[in-house]
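K.L.:
Take a look and give me a structure for this.
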Amino acid sequence: MDSNFSDEKLMKIEAQAAVREISFAVEFVEISTKLPNTDERAYMNIRTKEGTKFCVELTVQGYRIIGSQFDNTDDTTDVSDSTFYETIYALLDQHSPKYRLTFGETLAGKLQCLQQVQGNEETTEVQ
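P.N.:
Prediction:
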């Protein structure tokens, strides 16, 4: 089976997963309902915690910002560039300081919970 074919089929699934995975660290995220999402290309609308709007395109090449308004693919502002990011996390890390902060705080919180659980297990084993 052609690997490009299977990668292209995953664009919609990848975009849906990205929406779920970043929703905690942005103000708003959705898969565009106005732009034509296909097996080869998906579009996402994102508003960062800073209030910045992006229209993001996902292809087999990666994620890239293509507009500074939702559902806008022909934006020529400074926010739109040809840089492709391998992950949605890399894109947001580059364009949203509050995303970085939220991600770091969430990770630290989860690590602290894990440490507490492990501490409780050790205490239980000693008793």
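
K.L.:
any idea how far the residue lying closest to Met11 once chain neighbours are set aside lies from Ile66?
P.N.:
Using CB to CB, 6 or more residues apart in numbering and skipping residues adjacent in sequence, the residue nearest Met11 is Ala42, 4.7 Å away. In short, each C-beta sits where N, CA and C put it, glycine included. For Ala42, the distance to Ile66 equals 12 Å [CB to CB, to the nearest Å].

K.L.:
How about Ala17?
P.N.:
20 Å.

K.L.:
and these two? which has more neighbours close in?
P.N.:
Ile66 (19 against 12; other CB atoms under 10 Å).

K.L.:
my read: the more buried one touches Val56, true?
P.N.:
Yes: using CB atoms under 8 Å, Ile66 makes contact with Val56 at a distance of 7.0 Å.

K.L.:
joint contacts of these two?
P.N.:
Jointly contacting Ile66 and Val56 under the rule CB atoms under 8 Å, 6 or more residues apart in numbering are Tyr43.

K.L.:
Can you give the distance of the lengthiest helix in the chain from its chain's centre?
P.N.:
Ordering each helix of the chain by length in residues (DSSP state H) puts helix 97-126 first. The chain centre lies 22 Å from the centre of helix 97-126; the measure is CA atoms, centre = their mean, to the nearest Å.
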